[in-house]
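Q: Below is the sequence, then the predicted model.
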Amino acid sequence: MPAQAYGATIRVHPRQSIQAAVDRAAPGTTIVLDEGTYRQSVLIRKGHLAIRGEGDGTVLMPPAKLPKNVCTTDFLGGKGAAFCVFAKQLDATQNVVTRVFDTKISDLQVRGFDGMGIVAYGGSGFVVHDVTAIHDGDYGIARFNTLGGAVYDNVVRNNDEAGIYVGDTAMANAIVRDNDATGNQLGLFVRHSRYVKVFDNRSWAIARAC
């Protein structure tokens, strides 16, 4: 199908491919995911996209077979994620050359991935809000070497490592606020990062039934 115009909206149904919508989306596109279960793992390497579900009724779970790409093979070691935002270009020593700008993911649920629920590496202006991340093998929501943006109004529950992670960014300039973290190994984890504002979050150690 042809690429979409700036500011377009693409609707995706549970039997359709989110990756295909991302691949054909122009900058400024909003991709709306209808309610239902999507057994998919999505790679995002283009900027200025918004992906929005219909609340907890929009659920991403691992596919029977993960796609082979930079996130599933190198970065996550075959574990996969529901959404992986990855730098457009790295140099020979794996430093970020070209970032992915202004990715927004909201109003959906991710659960059961061996790797992470939602992750960014080499992003800028990365925003995740109103997402529920449950029972992921590593982090529920994570950002590495990513500048700006915010993680807010999310529920992260029973993830094997941190519910929310901000790491490896000297000038992160990130906001982490109003999140609920329950039953994770660590609720909120900020490491090797500066200029991170963390406030009005709630964290409990006791796991809840899912």
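A: Structure received. Since the model is a prediction, treat every value here as computed from it, not as a measurement.
Q: I'd guessed residue 176 sits against residue 154; true?
A: No. With contacts counted by C-beta atoms under 8 Å, residue 176 stays clear of residue 154, the gap being 9.4 Å. Using the backbone N, CA and C atoms, a C-beta is placed for each residue, glycine as well.
Q: out of these two, which sits in the busier spot?
A: Per other C-beta atoms under 10 Å, whichever of residue 176 and residue 154 has more neighbours is residue 154, with 26 against 23.
Q: thought that one was touching residue 130?
A: Yes. Shown here, residue 154 and residue 130 form a contact pair, counting by C-beta under 8 Å, at 6.8 Å.
Q: Can you find the helix or strand of the chain with the lowest average pLDDT?
A: None of the helices or strands of the chain scores lower by mean pLDDT, DSSP states H and E than helix 70, at a mean of 92.
Q: Would you mind pulling the contact partners of that one?
A: 43, 86 (C-beta atoms under 8 Å, 6 or more residues apart in numbering).
Q: and if we set it to 10 Å?
A: Helix 70 has contacts (C-beta atoms under 10 Å, 6 or more residues apart in numbering) with 43, 45, 76, 84, 86-87, 90, 121.
Q: from those residues, which ones fall inside strands?
A: 43, 84, 86, 90, 121 (DSSP state E).
Q: still on that earlier bit, tell me the one of the contacts of helix 70 nearest residue 26?
A: Among the contacts of helix 70, residue 45 lies closest to residue 26 (C-beta to C-beta), at 14.3 Å.
Q: how close does the closest one get to residue 12?
A: Distance of residue 45 to residue 12, given as C-beta to C-beta, to the nearest Å: 18 Å.
Q: do residue 148 as well
A: For residue 148, the distance to residue 12 - C-beta to C-beta - is 27 Å.
Q: Closest one of the ones in strands among the contacts of helix 70 to residue 8?
A: Looking across those and measuring by C-beta to C-beta, the closest to residue 8 is residue 43, at 20.3 Å.
Q: Do you know the pLDDT at that closest one?
A: Listed pLDDT for residue 43 reads 98.
Q: The residue lying closest to it once chain neighbours are set aside - how many residues pack around it?
A: Nearest residue to residue 43 in three dimensions, chain neighbours excluded: residue 69, at 4.9 Å (C-beta to C-beta, 6 or more residues apart in numbering). Neighbourhood size, residue 69 [other C-beta under 10 Å]: 18.
Q: Quick one: low-confidence residue ranges for this protein.
A: Scanning the chain for pLDDT under 70 picks out 1-6, 206-210.
Q: Tell me which residue lies nearest the centroid of it.
A: The residue lying closest to the centre of the chain (C-alpha atoms, centre = their mean) is residue 118, at 2.5 Å.
Q: which residues does it contact?
A: 42, 51, 60, 81-85, 103, 105, 108, 110, 126, 128, 131, 133, 136, 139-143, 151, 154, 156, 164.
Q: quick check, it in a helix?
A: No. Applying DSSP: H, G, I helix; E, B strand; the rest coil, one finds residue 118 to be strand, outside a helix.
Q: who does the strand or helix carrying residue 104 pair up with?
A: Using DSSP states H and E, residue 104 sits in strand 103-111. Sheet pairing for strand 103-111, assigned by DSSP bridges, gives strand 49-52 (parallel), strand 58-61 (parallel), strand 127-134 (parallel).
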